[in-house]
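Engineer: curious how this folds, go ahead:
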Amino acid sequence: MTGSHITIDPKLSSLRSLFPVLERQVHGKPLVYLDNAATTQKPLAVIESLDNYYRHYNSNIHRGVHTLSEEATTAYEEARKRIARFINAASDKQTIFTRNATEAINVVAHSWGRANLGPGDEVLITEMEHHSNIVPWQILQEQLGFTLRYVPITEGGTLDLSELETLLNERTKLFAFVHVSNALGTINPAAELVTAAHEVGALALIDASQSVPHMPVDVQALDADFLVFSGHKMCGPTGIGILYGKRELLEAMPPFMGGGDMIREVKMSGSRWNTLPYKFEAGTPAIAEGIGLGAAVDFLQEVGLDWVWQHEHALTSYAYERLAQVEGLRIIGPGPEQRGGLVAFTLGDIHPHDLSAVLDGDGIAIRAGHHCAQPIHDRLGIVASARASFYLYNTFGEVDKLVVGLEKAGQIFAF
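Structural biologist: Okay, the predicted model is just below:
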């Protein structure tokens, strides 16, 4: 079975034309971009929103009363409102702009965590986490003396929930977990895990970096206490992300950084903080990037996240089937029914970096390494893996090109 036997959705052809970078060649070959879990390409609508800001109303926001400042402020805050609606936040005051999901998690760790954690308390995370949801808690653990526990993963790349009732207990203050693994593709039962946390009185933080761009995510339906994601993984610019939090939690948390705009009043004797969300947005923000993320949200809503998810699921199932036919290839993680739009693998004893270099020669971009998820690789007994990750503009024909490239690599290295 090859991509030529699959009907090409006319919507897909139309979508691809909106991404300028997909027209380029790499080493004389048409670009096949399969590194979307690291960052996605940007549609014209997002590129033009940045260009329009810098060309026509570039200005700082919130404090100016001149026309450009008012226009910039309106565009920035309207983007925040659209992003809040995109995840079904009850209020845009609950959506805080950060640089990325990493910074969003650090805000929770160093603001909520410092105010609420100490000896005798426990934080629960999983072996499946990106480093950004491991390292902040390890740093804080050393400083505050709480206990950090981990939900293990199975050989099949899913969470081992058999001991969850023991790991989640009356000492647990926070359960922080990934919605979709960036290294395995595993889709975790987020709503079920949030409920389990709440049953013991713990809060739940969801790293939704690999779910918000690909499927409908409703923060109220999930009942998430905190949820984070990055703009650059969802057609938006780099340098912009979102921290969502329940209002009562954000209201009670102290500021993460001090400076301009996060204050209401400053005296030599002390200061009073601004209201939400500005309390957590010190200094001049990433204005153009915030506006660009608003444009990305508009674009994704126009495409339809249900369509995006169905397309990616079909691609992933097809890739899983085709890759399984490559001699010596080992797919890491669960079957296609339990995974998002990526497939990680090893090929014989070829180092993933060498594999990526061979594929790059044919214009195929994949990821190679530990994907900021070393504990997963340690658990599975491998140093690194290769990862092909898909998005709304990828095609079945590109999967076929990946397979041909991998077969070529196998012949070159003759493992």
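Engineer: helix or strand for residue 289, just tell me which one.
Structural biologist: Assigned by DSSP states H and E, residue 289 falls within helix 287-303.
Engineer: ok and the next helix or strand after that helix relative to helix 287-303, angle-wise?
Structural biologist: Using DSSP H and E, the helix or strand that follows helix 287-303 in sequence is helix 305-323. Calculated by axes from the mean of the first three to the mean of the last three C-alpha atoms, to 10 degrees, helix 305-323 forms an angle of 80 degrees with helix 287-303.
Engineer: buried stuff in the lowest-mean-pLDDT helix or strand in the chain?
Structural biologist: For the chain, counting by mean pLDDT, DSSP states H and E, strand 263-267 ranks last in confidence among helices and strands (a mean of 83). Neighbour counts over strand 263-267 (16 or more other C-beta atoms under 10 Å) mark residue 263 as buried. Every C-beta, even on glycine, is put in place using the N, C-alpha and C of the backbone.
Engineer: could you do stretch 320-329 as well?
Structural biologist: Here stretch 320-329 shows 320, 322-323, 326, 329 as buried, counting by 16+ other C-beta under 10 Å.
Engineer: circling back to that earlier point, and the least confident helix or strand of the chain, what does it pack against?
Structural biologist: Contact here means 3 or more C-beta pairs under 8 Å, 6 or more residues apart in numbering; DSSP states H and E; on that basis strand 263-267 packs against strand 270-273.
Engineer: now the helices: where do they sit in the stretch 1-150 of the chain?
Structural biologist: Here the stretch 1-150 of the chain has its helices, by DSSP state H, counting those that start in this stretch, at 10-16, 44-56, 67-86, 101-107, 114-116, 135-144.
Engineer: relative to residue 314, which of those is closest?
Structural biologist: Closest to residue 314 of the helices of the stretch 1-150 of the chain is helix 10-16 (C-beta to C-beta; 10.7 Å).
Engineer: so for that closest one, what gets flagged as buried?
Structural biologist: Applying 16+ other C-beta under 10 Å to helix 10-16 flags residue 15 as buried.
Engineer: now tabulate the buried residues of stretch 320-329 in JSON lines and tack on pLDDT and distance to residue 414.
Structural biologist: Putting the buried residues of stretch 320-329 into JSON lines (pLDDT from 0 to 100; distance: C-beta to C-beta, whole Å) gives the following:
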{"residue": "320", "pLDDT": "97", "distance to residue 414": "26"}
{"residue": "322", "pLDDT": "97", "distance to residue 414": "22"}
{"residue": "323", "pLDDT": "97", "distance to residue 414": "20"}
{"residue": "326", "pLDDT": "97", "distance to residue 414": "15"}
{"residue": "329", "pLDDT": "97", "distance to residue 414": "15"}
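Engineer: show me what counts as buried in stretch 357-367.
Structural biologist: Using 16+ other C-beta under 10 Å as the test for burial, stretch 357-367 gives 358-367.
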